[in-house]
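Peer 1: Here you go, sequence then predicted model.
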Amino acid sequence: MTLAKSVQPITSILNTQDMDQHACAQQGWALHYEQLSPGQFKGRIHQVQLPEVTLLREDTNIALRQRGRLDDSVYGFAMGLQDTSDLFFNGQRVPEQAIMCGKGDEVDLTTPPHFTLIAVVVERSLLNPLWERMYQKPMAHWLEKQLVLQTSGIKAQILRDLQLTVMDQASTLANRQQDPQALRQLRDEILMEWIEALPEKVDTSELPNLERRKKLVDHACELMMGHTDEPLSILQVCSHIGTSRRKLNYSFQDVLGTTPVKYLRALRLNGVRRGLRDAAKGVTVQDVAAHWGFWHLGQFAQDYKRLFDELPSTTLRHP
C-alpha cells in the first residue's frame, strides 16, 4: 500500500444506488456482487486507510452474494454490526457474535437485507510481527484459511464500538497533518482489539467437510451458469455432478441459505439486468431474456420486477 509514510489517514465515503458501482468502488479489490432479495439497491461504503491497514464499514439494503478477492498479501477480519442468522462466509453459517477471518485471496460472503459489515484488512508485513510480539510465537497457521470464529458478546460489542469510534476519529483527522506515531497507535489499538477478540484455541477439524460442501455448491453453480440459454433441471445437475437432490439442497442451504432453484433464478435475473444495461442499440428485452433462458416473457417480466423493483424495459431504456 502507498500510505506507509503518510502522516494523515485517507478516508472516503460513497453512497451508491448501483450494485456494480458499489462493488467496483472498493479500490484495489476485485469483487462481484449478485442481488438475492427484492428491492432497488442502496449502499454506502466508508473506508479509512491507515498505514498498512484499511478499515471498512459497508451498509447494504438487500441480500447479496459477494465474491472475489482482496489481495494475496493481506488478511481480513470482519463481523456484522448487528447479529443475524442469515449471514454466510465461505460456506459457513455465521452465528451471532462471531468473527470472519482469513487470508484475502478469496472472499465469498452472503449477507441478508439491511446489513452492516465492519472489517479491517491488514498487510501480512504488519500482522506477522505484531502477532509475534503479542503472543511470542509465529502467526497462527489457520489464518491462511477462511474461518468463522466465536467471540464473547462483551468482546463483540467492544470491538463494534471501537471500530466505529476509530473510523470517526480518522475521518476527522483526514485533512490534518498528524504525528505518524499517533496514527500508528490509533491503528494498533483497533488491530489488537480484533486479534484479542479471537478465541485462544481454534478447532479446524470440520473445515474439510465445509470445504467439500462448498465445492459441491460451486461446481453446481458453474454447471448451471454454463447452460444459461437452456437451463438444466436440478435432476440433470445432480446427475452431472454425481450427487442426490437431497444432498444438493441441504448443501445449498448450508452454504448460501437458499435452494438451488431460487439461487439459479436469481443469478439468471442478475445476468439479464447486466445484459440490458450493456445492450447495444437495437437489442430488445426479448433478445437478452432468451439468452438467459427466459422464454415466457410475461412470467419473466413479473419475476424481474419483483426482484429489481422495475420492469426490464425500464432497465433497457435507462442503463
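Peer 2: Nice, thanks for sending it over.
Peer 1: Tally up the residues packed near Pro208, please.
Peer 2: 9 (other Cβ atoms under 10 Å). C-betas here are computed from N, CA, C, even on glycine.
Peer 1: what about it, which helix or strand?
Peer 2: helix 207-225 (DSSP states H and E).
Peer 1: From the contact counts, what lies against that helix?
Peer 2: Helix 207-225 is packed against helix 234-241, helix 245-256, helix 260-277, with contacts defined by 3 or more Cβ pairs under 8 Å, 6 or more residues apart in numbering; DSSP states H and E.
Peer 1: buried stuff in it?
Peer 2: Buried residues in helix 207-225, defined by neighbour count with 16 or more other Cβ atoms under 10 Å: 207, 210, 213-214, 216-217, 220-221, 224.
Peer 1: before we move on, the earlier item: so for Gln136, which of the helices and strands packed on helix 207-225 sits nearest?
Peer 2: Of all the helices and strands packed on helix 207-225, helix 245-256 sits nearest to Gln136, with 37.4 Å by Cβ to Cβ.
Peer 1: Let me see the confidence value for Ala4.
Peer 2: Note for Ala4: predicted pLDDT of 41.
Peer 1: So among the buried residues of helix 207-225, where is pLDDT lowest?
Peer 2: Minimum pLDDT for those is recorded at Met224 (86).
Peer 1: which residues does that one contact?
Peer 2: With contact set as Cβ atoms under 8 Å, 6 or more residues apart in numbering, Met224 has these partners: 231-232, 237, 260, 264, 267.
Peer 1: Please render these as a markdown table that adds neighbour count to the earlier fields.
Peer 2: Below are the contacts of Met224 laid out as a markdown table (neighbours: other Cβ atoms under 10 Å):
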| residue | neighbour count |
| --- | --- |
| Pro231 | 18 |
| Leu232 | 18 |
| Val237 | 21 |
| Pro260 | 21 |
| Leu264 | 23 |
| Leu267 | 19 |
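Peer 1: Lowest-confidence member of the residues you listed, which is it?
Peer 2: Pro231 (81).
Peer 1: secondary structure class for that one?
Peer 2: Secondary structure, DSSP: H, G, I helix; E, B strand; the rest coil: Pro231 is coil.
Peer 1: show me the contacts for the closest residue to it other than its chain neighbours.
Peer 2: The shortest distance from Pro231 to any non-neighbouring residue, by Cβ to Cβ, 6 or more residues apart in numbering, is to Gly293 (4.5 Å). Going by Cβ under 8 Å, 6+ apart, Gly293 touches 227-231, 268.
Peer 1: Give me whichever of the helices and strands packed on helix 207-225 is most buried.
Peer 2: Comparing the helices and strands packed on helix 207-225 by mean neighbour count (mean count of other Cβ atoms under 10 Å), helix 260-277 comes out on top with a mean of 20.
Peer 1: got the angle between that helix and helix 245-256?
Peer 2: Regarding helix 260-277 and helix 245-256, their directions subtend 60 degrees when assessed with axes from the mean of the first three to the mean of the last three Cα atoms, to 10 degrees.
Peer 1: helices and strands around helix 260-277, which ones?
Peer 2: For helix 260-277, the packing partners by 3+ Cβ pairs under 8 Å, 6+ apart are strand 30-35, helix 207-225, helix 234-241, helix 245-256, helix 285-291, helix 297-308, helix 312-317.
Peer 1: Can you point out the buried residues in the helix or strand containing Met192?
Peer 2: Secondary structure assignment for Met192, by DSSP H and E: helix 180-196. For helix 180-196, the neighbour count (16+ other Cβ under 10 Å) marks 183, 186-187, 190-191, 193-195 as buried.
Peer 1: Make CSV from the contacts of Met224 and add distance to Arg65 to it.
Peer 2: Output for the contacts of Met224, formatted as CSV (distance: Cβ to Cβ, whole Å):
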residue, distance to Arg65
Pro231, 19
Leu232, 20
Val237, 18
Pro260, 14
Leu264, 12
Leu267, 9
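Peer 1: Tell me which stretches of the stretch 51-200 of the chain form strands.
Peer 2: With strands called from DSSP state E, counting those that start in this stretch, the stretch 51-200 of the chain shows them at 53-60, 64-69, 74-80, 88-89, 92-93, 98-103, 107-111, 115-123, 146-150.
Peer 1: need the ones you listed in a markdown table with mean pLDDT, mean neighbour count and distance to Tyr135, can you?
Peer 2: A markdown table is the format used below for these (pLDDT from 0 to 100; neighbours: other Cβ atoms under 10 Å; distance: least, Cβ to Cβ, whole Å):
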| stretch | mean pLDDT | mean neighbour count | distance to Tyr135 |
| --- | --- | --- | --- |
| strand 53-60 | 95 | 22 | 19 |
| strand 64-69 | 93 | 19 | 28 |
| strand 74-80 | 94 | 23 | 15 |
| strand 88-89 | 96 | 22 | 24 |
| strand 92-93 | 92 | 20 | 25 |
| strand 98-103 | 94 | 22 | 15 |
| strand 107-111 | 94 | 22 | 26 |
| strand 115-123 | 95 | 21 | 16 |
| strand 146-150 | 93 | 20 | 15 |
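Peer 1: Fine by me, thanks again.
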